[in-house]
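Asks: here is a sequence together with a model predicted from it:
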Amino acid sequence: MAYPYTHEKEVRILSKHFGEPEARTVEGWKARGGYQTLTKAFEMGRDAIINEVKASGLRGRGGAGFPAGVKWSFMPKEKTRPHYLLCNADESEPGTFKDRELLRWTPHQLIEGMIISAYAIQAEECYVYCRGEFFETTAVLAKAVEDAYEAGYLGQNILGSGVNVDITVHCGGGAYICGEETALMNSLEGRRGTPRVKPPFPAQAGYMMMPSTVNNVETLSSVPFIIQEGADAYRANGTEESPGTKLFCVSGHVRRPGNYELPLGFPLMELIEDVCGGMREGRKLKGVIPGGSSVPILNAEECADCEMSFEGVIEAGSQLGCAAVIVMDDSTDMVQAVRRMVDFYTHESCGQCTPCREGSSWTGKILKRIEEGRGTEEDLDTLMEVTSQMEGTTICVLSDSVAAPVQSSILKYREEYLARIRTGEKVGAAS
Amino acid sequence: MSDQQTPNTVTFTLDGQEVTVPKGTTILRAAESIGIKIPHYCFHPGLSSPAMCRLCLVEVEGWPRMAPSCKETAQDGMVVFTNSELAQKQRTGVLEFYLVNHPLDCPICDQSGECDLQDYVFEEGREHGRGREPKRVLGRDDFGGDVLFNGDRCVMCTRCVRFMREVAEDERLCVVERGNRAVIDTFFEEGLEGSPYAGNIIDICPVGALISKDFLHKARAWDLDRTPSVCPSCSQGCNITLQVRDDLVQRLKPRENLEVNGWWMCDFGRHNYEWMNRTDRTEVPMVRGQEVGWADALGDLLQALKDAKESVKAVTWAHAPNEEMGLLSGLLAELGGGEVVYRSPRTEGEVPLPGFPLLARREDLAPNVNGAEIFGFRRVGDNNSQGGLDELAGHDGVLIVVGDPIEDYGEDFGSKAELYVYLGSYQSKTASNAHFVLPITTFAEQEGTYTNVQGRVQRFWPGVRSPASARPGWLILGALVAELTGTEAPVSADQAFAKIAEKTSEFGGITYRDLGPRGAVAGKPAGVSGD
Amino acid sequence: MSEARKIPFRNPGWAGNTGEFDLTEAQVRGDEYVGKRPPEGGHASGASTYPYMLAERDPEAPIFDGPFKERLEKIRSRYPDARSALLPALGMAQELRGYLSPETMEQVAGLLDLSPAYVRGVATFYTMYNKRPVGRFLIQVCTNISCGICGGDDVLQAFLNNTETELGETSEDGNFTVIEAECLAGCGFPTTVQINSRYYENVMPKDVPEILERLKAQGE
């Protein structure tokens, strides 16, 4: 049997060849139609590629959803210094596990996308910043890159076109914050992975202070399809504002968690109930974190009409982020779950900005106290205020990510906190 | 104000005031220029701005997020608020975060009284903190050299790390770990020992995290009197502040002067102050072994000088101020000429501060070698400021010693002199043959100027009270010259300077007023130190 | 609780059972494709992607000689400056020695012309560099949100119980060190466990003894 996480409602473009070991090889990839867009892309020329990607409406898949073509157009038109294309494969947002699948099953799809993208932004040097923990995955990618060099798809004068592209696979050292693009560049430079103040933006001064573009694995992997089939074909899926398909990483209390590629705008409840096989037996939906742990939690009511597009999730009161859907049923101890997320951010805060460095650990300590039944009602007010002091006051948005689950859970599951405060009793606990 | 606008300036609104500043000026600096202080920790004018303390955020009309004023440059038409409700709330919030893990041990903290955390919290902090959780304890660490690190007080501004990286270019400090576990540290046991400028990190630490072992618990900041001065430990002439308690110099701190030392000074100079507190002082005028009043002493001396028949020789040192040297030179001219020699310690090699190329610990370890050269004094003695005075020791004419206690010679120094005048601050066995022992004040006790290695004339002010009867050297020498020439004696240091400036082309045309607190370069120095 | 947590099939990452997925473990992990990697780094583009947690290591190994020196040269050739090679170099040092001692940091600093304090600052920023010795198998159990709500803490406890260690301590036989990990990006396959360089997914407490046995056997 092929890749087990499939469903008939899926529209498999990126994930079409998941679970096929042969797709990892150059020959296997070519047999699946791979590497055929390169010549076309080089013939189209840079501006046409950027325009096509702009027209496709492809939005960054790393979480922010910024249109990829627009991002590329920020790169200087006249190349006077080296340009860099950096692929963000530092997948570490809790709930996200799509990039690892893309890297280990279809590495050539990424390489192909990177060659086209690098050509478009006049970058000859590309780095794939892989999450350090992905040893097995990066080994596959490294082998694929090596094979692509051998086959002449990488290096000097690719396919006789005069285009030069080098890809280097780089391993991180284990730091969530390096998924933030400026922290990633610092880390790639061999520094502490602390985010930089913007401006200057990466397109002006990025890696080595040279013009750079950072794109997510999924974003770059989407490029070959757009170039091959055209923007209209890409727009055949998804919504007007969120075109295309997206890998939804569903985890938590569903029967069939996994990666499902669906058109953006797919209804959340259908994703949970149908694609993922519904909640576990005898359990009811309590809440969903729709975009990785950094976004506000949606309660069951808000989930009901939520459409999984960038705009749809905002309408429901949260954000799509990287479409990491964490489903929680009524056995979930919300206080503990939120505390665990805050502990994560405390652990991963780079420590530069005071609100984040001090605020995350303080928030975590208060939550721990509440969890242990030693909280007070004022603690909830303190939490709301402390987290509001952490919003929008720091260099990057990690600090805001602490605020999101804390504030949304207090607003939506206040009675659970209160029960814990008053009686020390766990509300959701199943056991 | 808009009429002042040129292509190189921008005009924007800051707290309702229109401000015009050069293009590229940050909001924080622009605010400073009109007297609005924006609280900050990580920003320091001598270092890069990481904009990470988040205290200097200001509200900019129409911007979605607040802007770090230390990094954001002023743009035409920008409307900035440092005192809006949002900006104030932000500062109050950040200050609360700073206090979550701060030990609040101000009563035993040396920084207390000059602590930015204390000041800012007093101004804008919450009345009561809401932190109920146990505080993080990081403890203390001896960083080596003079630096003691108290991790619990640290606000993680990383000024110290950046100073060592960017200015000292001796990257011995780092931030270890991350998040709230982050702490400043050295490379394990390596420490800062031997890093010649490391002491500056104590100055730039906005709180009591980096403190001086030398100064540890010696004085409270508010008990110190602060006097602008010039470091006397080498010919660089770093601008400093004498910090004095009960007439004892407790520590030296650098004073900003972008032409000389920036915000920095070397550890050698910083710690070379104990001699300013020497107690073996000459205290009253002595004439032939008898204590006398100043009027009698000067009267007798004047007569003795007029009566003297033989040639005059004088010796001084490179610690003497310009005024003292100039009037000594003038006195010798009135006495029929005669050579002045001087001695000054010297070491091999300069110790530069790589990130601020104007500054180096110079080879000449005294402040006024350049002054001595300008007055045409001849350098004698070795690099330890010893020897070279054999001829003077046995001179049978008039012998004048100004300043130099000549501790390397014996009691028979000057025994053959017809007239031996010792103007000194310290008791010395070589003064035992002196007919006149006249107590003079040290640089720390008087006003005066030094000429540094760049030829820059820099003023210093009295920060310590002198022993009861000691007088500035220029006052005594000036009175003698005046009597001999029938002119008016200088009664203040600026008059003394004006007198020497008349006759010294290198100082021509400048006055104390021109010099101000940061000095000025007059003419080209006649001889550069070390020739 | 465990009743409700039934997951219909086992994930391929956990090599003991590839469930409905009829591929071999080597195919799933990609080993079959990657093959044996040469110590000198293979193609320079991937020279920095070697696992830096291995069971076999020598705390006295030189920094660096032979093939490792060659590999570092390859890595350096891919970046505009030496500093960029710092993370891969630290990784190699750990691959050889198992952890980064002060001496190791100093040696790496010397190779790349950086200050030791700088290297310490960088090394301590990242969690994957061990700053003290660990067991031959470093077991990292994800207890973050997705694994956590599906029983990550129980799996962690099972590892601790079965290795008879405390969190972060090394077992008496020197084989195991169990630590809590932040999200390993295997959220759909809870609980995700990383042991040295390998991922184990859908791990349940009952699987733990089997995994440990397998590791022990691997080490002999």
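Replies: Noted; the coordinates are in hand.
Asks: just give the nearest non-adjacent residue to the closest residue to chain C within the stretch 51-200 of chain B, would you?
Replies: Chain C sits closest to residue B:174 of the stretch 51-200 of chain B, with a gap of 3.0 Å, by C-beta to the nearest C-beta. Just so you know, the C-beta spots here come from the backbone N, C-alpha and C atoms, and that holds for glycine as well. Closest residue in space to residue B:174, ignoring its immediate chain neighbours: residue C:121 at 3.0 Å, by C-beta to C-beta, 6 or more residues apart in numbering or on different chains.
Asks: show me what counts as buried in the helix or strand that neighbour falls within.
Replies: Using DSSP states H and E, residue C:121 sits within helix C:116-125. Residues C:116-125 are the ones in helix C:116-125 that count as buried (16 or more other C-beta atoms under 10 Å in any protein chain shown).
Asks: now stretch B:487-502
Replies: B:489-490, B:493-494, B:496-501.
Asks: can you list contacts of that stretch?
Replies: B:322-323, B:325-327, B:329-330, B:446-449, B:472, B:474-475, B:478-479, B:481-483, B:507-513 (C-beta atoms under 8 Å, 6 or more residues apart in numbering or on different chains).
Asks: mind giving me the ChimeraX select for those, buried ones only?
Replies: The following ChimeraX line selects those of the contacts of stretch B:487-502 that are buried, judged by 16+ other C-beta under 10 Å:
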select /B:322,323,325,326,327,329,330,446,447,448,449,472,474,475,478,479,481,482,483,507,510,512
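Asks: narrow the contacts of stretch B:487-502 to those in helices?
Replies: Those of these mapping onto helices are B:322-323, B:325-327, B:329-330, B:474-475, B:478-479, B:481-483, B:512-513, per DSSP state H.
Asks: farthest-separated two in these?
Replies: Spatially, the most separated pair among the ones in helices among the contacts of stretch B:487-502 is B:483 and B:513, at 27.8 Å (C-beta to C-beta).
Asks: out of the ones in helices among the contacts of stretch B:487-502, who's nearest residue B:92?
Replies: Of all the ones in helices among the contacts of stretch B:487-502, residue B:513 has the smallest distance to residue B:92: 44.3 Å, by C-beta to C-beta.
Asks: circling back to that earlier point, does anything pack onto the helix or strand following the helix holding residue C:121? Which helices or strands?
Replies: Next along the chain after helix C:116-125, taking DSSP H and E as the criterion, comes strand C:137-142. Applying 3 or more C-beta pairs under 8 Å, 6 or more residues apart in numbering or on different chains; DSSP states H and E, one finds that strand C:137-142 makes contact with helix C:152-163, strand C:176-181, strand C:193-195.
Asks: just the closest residue of the stretch 351-500 of chain B to chain C, please.
Replies: Nearest residue of the stretch 351-500 of chain B to chain C: residue B:354, at 13.5 Å (C-beta to the nearest C-beta).
Asks: what sits against that residue?
Replies: B:167-169.
Asks: got a PyMOL select line for the buried ones in those residues?
Replies: Only the buried members of the contacts of residue B:354 enter the following PyMOL selection, criterion being 16+ other C-beta under 10 Å:
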select buried, chain B and resi 167+168
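Asks: what residues does the helix holding residue C:121 touch?
Replies: Contacts of helix C:116-125 (C-beta under 8 Å, 6+ apart): A:173, A:175, A:190-193, A:350, B:161, B:165, B:171-178, B:185-188, B:190, C:86-87, C:90, C:100, C:102, C:105-106, C:108-109, C:112, C:129, C:131.
Asks: rounded mean pLDDT for that helix, please.
Replies: Helix C:116-125 shows a mean pLDDT of 97 in the predicted model.
Asks: ok, which of the contacts of stretch B:487-502 also contact chain C?
Replies: Among those, no residue is within reach of chain C (C-beta under 8 Å from any C-beta of the partner chain).
Asks: any low-confidence regions in the chain?
Replies: All of this is about chain A. Counting by pLDDT under 70, chain A shows low-confidence ranges at A:1-2, A:425-431.
Asks: I was after chain C.
Replies: The model of chain C has pLDDT under 70 over residues C:1-21, C:219-220.
Asks: ok, which residues in it are in contact with chain B?
Replies: Residues of chain C lying near chain B (C-beta under 8 Å from any C-beta): C:102, C:105-106, C:114-118, C:120-121, C:124-125.
Asks: as a check, name the ranges of all helices in the stretch 101-250 of chain A.
Replies: For the stretch 101-250 of chain A, the helices defined by DSSP state H, counting those that start in this stretch occupy A:107-120, A:135-150, A:181-188, A:217-229, A:231-235.
Asks: and for chain C?
Replies: With DSSP H, the ranges of helices along chain C come out as C:25-29, C:31-34, C:66-77, C:86-97, C:102-112, C:116-125, C:145-148, C:152-163, C:208-219.
Asks: quick one, what contacts the residue lying closest to residue A:76 once chain neighbours are set aside?
Replies: Spatial nearest neighbour of residue A:76, excluding adjacent residues (C-beta to C-beta, 6+ apart): residue A:211 at 5.4 Å. Going by C-beta under 8 Å, 6+ apart, residue A:211 touches A:75-76, A:81, A:83-84, A:202-205.
Asks: got TSV for the residues you listed, with neighbour count too?
Replies: Output for the contacts of residue A:211, formatted as TSV (neighbours: other C-beta atoms under 10 Å in any protein chain shown):
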residue	neighbour count
A:75	23
A:76	14
A:81	12
A:83	22
A:84	25
A:202	24
A:203	18
A:204	15
A:205	18
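Asks: hmm, which two among these are most spread apart?
Replies: The distance between the two most remote of these (C-beta to C-beta) is 13.3 Å, for A:81 and A:202.
Asks: domain map for the chain?
Replies: Picking chain A for this. For chain A, the structural domains run A:21-235, A:245-329, A:334-423, going by automatic domain parsing.
Asks: wrong one, chain C
Replies: Per automatic domain parsing, the structural domains of chain C span C:44-125, C:134-219.
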